[in-house]
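Asks: Got a predicted model here, sequence first, then my questions.
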Amino acid sequence: MAEVIRMPLLSDTMTEGKIVTWNKKVGDKVKSDDVLADVETDKATMEVTGYVDGTLLYIGVPAGEAAKINQIIAIVGKDGEDYKGLLDKEGAATAAPAKTAEAPKAAEAEQPKTADSKSATVALPAGAKEIRMPLLSDTMTEGKIVTWNKKVGDTVKSDDVLADVETDKATMEVVGYEEGTLLYIGVEAGKAAKINEIIAIVGKPGTDVSAYVAAEKSGANNAPAAAVSNDKAAAASEPTATTQPSVATGEQTANDQPANGRVKASPLAKKLAAEKGIDISKVSGSGDNGRVTKKDVDSYKPATDKGQQTTAAQPSTINYQPTTGTEGHTDIPLTQMRKVIARRLGESKFSAPHFYLTMEINMDNAMAARAAMNEVSPVKISFNDMIIKASAMTLRKHPDVNSSWMGDFIRQNHHIHIGSAVAMPEGLIVPVIRFADQKTLSQIAGEAKELYGKAKDKKLQPNEFSGNTFTISNLGMMDIEEFTAIINPPDSAILAVGAIKEVVVKKGDGFGVTNIMKLTMSCDHRSVDGAVGAAFLQTLKKYLENPVTMLV
């Protein structure tokens, strides 16, 4: 079955993407993880992956031209498969096709308009537009709808945020970029949708999309993705506000008024309050009509003179009081981030042959230099900032480490983007300091502080957590002396940083105290040899033990 590849949403402000280059041509075999094209957005040039296997049958947007969000840019299917019906349905038959694309015949254009037969196709009513799950990160394969900000029957504008979506990296906002009335919601809050799956339909008020939805669900339309899961399909033939997310959340009525005396709060705010042990009824809401938002929960400070506040703030991971001798357990659902961490690091650990190199660094000079620099720096410089800078300059001298294993070749990167791992309750995310070798220590410190704050607030954008060429994982602040880290794809190495410890050493005729930090580098033996990794650590040691050399 042929499947369409659409222009994904690659940044929160993107409305269209320019195809810089196609990495495949019509007739080529493609795999689900192949990068089909490089796309220039308003923020960066990023890679577009099709997530389907088959033959590239059609290219709808030539290199050098732009495509709107959700516009069909390619079709993948079986070799020789007829895909013209998909183009006819989209009204794209006159767009610039690939050489193999032909204008649909008049007989094909007159497709049956009912879904009574499994072989019949149904066109989307005139003026109606599908909203599909966009690609919100480079590793995303599906997104979980945290909450719908609109309900069926609401008027939406092109810049309205329709829903909050949890991906493998962060919770982000989905903008529909269409204007009209919300006619249909295909994936209820709390459920996940795959990339390009229909999550909503927008159009003129009163437009009946039930036949189209039924045809999509039955497969009669040769749809690239099911509109909704069969066990949770909405009654699309009679969409009303009372059957949509407001009822599914169990906390608000269609007009957003509190039901049964419950507090008005977004699902994300309620979830966050529960995780923090906060009584949400005591949080003042700054949203519409006093609605409690995530920002209100983040900024909430309980009163210290109320015993109930103190009790509410106690962490609670289980909802019952076990008796002596009672067995029990708690099943914790996986977040999208945790799912992808498990998959990608599992692939890295068991496909990339890791080896490990450990070296001790004398940090006496680094500690003195940091104290001196912080007296004049506009932003406080941390030891981690110094390690980022030293690693970036070391990569400049050892480009073999600044590389990626690509299967049948090694890609040696000319730019140096340092990822710095940040731990969050949902999992691990890696904000990226881009062109770190070209920045001063104070610039690195300021940028890192901003990125870490965004990571904790789940405000990172895709270009801020992708594109790393080398990664640093630092557990020194948690008193971990030494550890090994799993390589963060597509890097060839990752640096594990331990705590700075005072050690007694022989000095002259007596003994003294010096400050030692252990670094362990995990290397992918396919692209980095042992001697190459050792030479890298030797150069890094020189920079850290004599920080003034980083300023020359």
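Replies: Good, I have the coordinates. Numbers count the residues shown, from 1 in each chain.
Asks: residue ranges for the strands of the stretch 1-150 of the chain, please.
Replies: 3-6, 16-22, 29-30, 35-40, 45-49, 54-59, 66-68, 72-77, 129-132, 142-148 (DSSP state E, counting those that start in this stretch).
Asks: count of neighbours near Lys507?
Replies: 10 (other Cβ atoms under 10 Å). Heads up, the C-betas are built off the backbone N, CA and C, glycines and all.
Asks: err, Ile75, not the other one
Replies: By other Cβ under 10 Å, 27 other residues sit near Ile75.
Asks: Could you double-check that it lies in contact with Tyr58?
Replies: Yes: between Ile75 and Tyr58 there is a contact at 4.0 Å, judged by Cβ atoms under 8 Å.
Asks: so what sits against both of those two?
Replies: The contact sets of Ile75 and Tyr58 overlap at 83, 87 (Cβ atoms under 8 Å, 6 or more residues apart in numbering).
Asks: returning to that earlier point: and of the strands of the stretch 1-150 of the chain, who's closest to Ala265?
Replies: strand 142-148 (10.3 Å; Cβ to Cβ).
Asks: what's the spacing between the helix or strand that comes right after that closest one and its chain's center?
Replies: Note on strand 142-148: by DSSP states H and E, the next helix or strand toward the C-terminus is strand 155-156. Centroid separation for strand 155-156 versus its chain: 27 Å, with Cα atoms, centre = their mean, to the nearest Å.
Asks: quick one: strands adjacent to strand 155-156?
Replies: Using DSSP bridges, the strands paired with strand 155-156 are strand 180-185 (antiparallel).
Asks: quick one: the helices in the stretch 401-550 of the chain?
Replies: Secondary structure of the stretch 401-550 of the chain (DSSP state H, counting those that start in this stretch): helices located at 441-456, 530-545.
Asks: I'd like those helices laid out as JSON lines, including distance to Gly153 and mean neighbour count.
Replies: JSON lines is the format used below for those (distance: least, Cβ to Cβ, whole Å; neighbours: other Cβ atoms under 10 Å):
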{"stretch": "helix 441-456", "distance to Gly153": "35", "mean neighbour count": "19"}
{"stretch": "helix 530-545", "distance to Gly153": "60", "mean neighbour count": "18"}
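Asks: Go through those helices and find the least confident stretch.
Replies: Looking over those, mean pLDDT reaches its minimum on helix 441-456, with a mean of 93.
Asks: What's the local residue count around Asn374?
Replies: With other Cβ under 10 Å as criterion, Asn374 counts 15.
Asks: ok, now how distant is it from Gly50?
Replies: Distance, Asn374 to Gly50, using Cβ to Cβ, to the nearest Å: 48 Å.
Asks: do Ala531 as well
Replies: Distance from Ala531 to Gly50, by Cβ to Cβ: 39 Å.
Asks: residues touching Glu464, list them.
Replies: Contacts of Glu464 by Cβ under 8 Å, 6+ apart are 431-432, 451, 454.
Asks: Which pair of these spans the longest distance?
Replies: Spatial extent of the contacts of Glu464 (Cβ to Cβ) is set by the pair Val432 and Lys454 at 11.7 Å.
Asks: Point out where this structure drops to low pLDDT.
Replies: Applying pLDDT under 70 to the chain picks out residues 11-13, 42-44, 91-120, 137-139, 222-264, 266-267, 287-289, 303-324.
Asks: if we go to 50?
Replies: 92-119, 223-261, 305-316 (pLDDT under 50).
Asks: Excluding chain neighbours, give the residue nearest to Thr171 in space.
Replies: Among residues not flanking Thr171 along the chain, Lys458 sits closest, at 4.7 Å (Cβ to Cβ, 6 or more residues apart in numbering).
Asks: The one you found and Pro125: what is the separation?
Replies: Separation of Lys458 from Pro125 (Cβ to Cβ): 37 Å.
Asks: So between these two, which is more surrounded?
Replies: A direct count of neighbours by other Cβ under 10 Å for Lys458 and Pro125 places Lys458 higher, at 20 against 16.
Asks: Which residues are in contact with Asn221?
Replies: Contact analysis of Asn221 by Cβ under 8 Å, 6+ apart lists 89, 121-122, 212, 215.
Asks: Now with 6 Å, please.
Replies: 121, 215 (Cβ atoms under 6 Å, 6 or more residues apart in numbering).
Asks: Can you tell me the SS state at it?
Replies: Secondary structure assignment for Asn221 (DSSP: H, G, I helix; E, B strand; the rest coil): coil.
Asks: from what I can see Pro134 touches Met7, true?
Replies: No: counting by Cβ atoms under 6 Å, Pro134 does not reach Met7; the two are 9.0 Å apart.
Asks: Quick check: buried residues in the host helix or strand of Ala372?
Replies: Assigned by DSSP H and E, Ala372 belongs to helix 364-374. Buried residues in helix 364-374, counting neighbours by 16 or more other Cβ atoms under 10 Å, are found at 366-367, 369-370, 373.
Asks: ok, now stretch 508-525?
Replies: Across stretch 508-525, burial judged by 16+ other Cβ under 10 Å covers 516-524.
Asks: Now, the residues you listed that are in strands?
Replies: Using DSSP state E, the subset of the buried residues of stretch 508-525 located in strands is 516-524.
Asks: tell me which of those is nearest to Phe383?
Replies: Comparing those against Phe383 with Cβ to Cβ places Met517 closest, at 8.0 Å.
Asks: quick revisit: the helix or strand just after the helix holding Ala372 - contacts with which helices or strands?
Replies: Using DSSP H and E, the next helix or strand after helix 364-374 towards the C-terminus is helix 383-397. Applying 3 or more Cβ pairs under 6 Å, 6 or more residues apart in numbering; DSSP states H and E, we find helix 383-397 packed against helix 441-456, helix 530-545.
Asks: Export these as CSV, with columns for distance to Phe465.
Replies: Listed next are the helices and strands packed on helix 383-397 as CSV, based on distance: least, Cβ to Cβ, whole Å:
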stretch, distance to Phe465
helix 441-456, 8
helix 530-545, 24
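Asks: Which of the ones you listed sits closest to Val340?
Replies: Of all the helices and strands packed on helix 383-397, helix 441-456 sits nearest to Val340, with 15.4 Å by Cβ to Cβ.
Asks: Quick one: distance of the closest one to the chain centre.
Replies: 19 Å.
Asks: for stretch 543-552, same thing?
Replies: Between the centre of stretch 543-552 and the centre of its chain there are 35 Å (Cα atoms, centre = their mean).
Asks: swap in stretch 204-219?
Replies: Remark: stretch 204-219 is offset 30 Å from the chain centroid, using Cα atoms, centre = their mean.
Asks: Figure out the length between the terminal residues of that stretch.
Replies: End-to-end distance of stretch 204-219 (Cα to Cα, to the nearest Å): 25 Å.
Asks: Of the helices of the stretch 401-550 of the chain, which is nearest Ser158?
Replies: Closest among the helices of the stretch 401-550 of the chain, using Cβ to Cβ: helix 441-456, at 25.5 Å.
Asks: Next, the angle helix 383-397 makes with the closest one.
Replies: 110 degrees (axes from the mean of the first three to the mean of the last three Cα atoms, to 10 degrees).
Asks: circling back to that earlier point, redo the buried residues of stretch 508-525 as JSON lines? Include distance to Lys157.
Replies: Listed next are these as JSON lines, based on distance: Cβ to Cβ, whole Å:
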{"residue": "Ile516", "distance to Lys157": "59"}
{"residue": "Met517", "distance to Lys157": "53"}
{"residue": "Lys518", "distance to Lys157": "55"}
{"residue": "Leu519", "distance to Lys157": "52"}
{"residue": "Thr520", "distance to Lys157": "52"}
{"residue": "Met521", "distance to Lys157": "51"}
{"residue": "Ser522", "distance to Lys157": "48"}
{"residue": "Cys523", "distance to Lys157": "51"}
{"residue": "Asp524", "distance to Lys157": "48"}
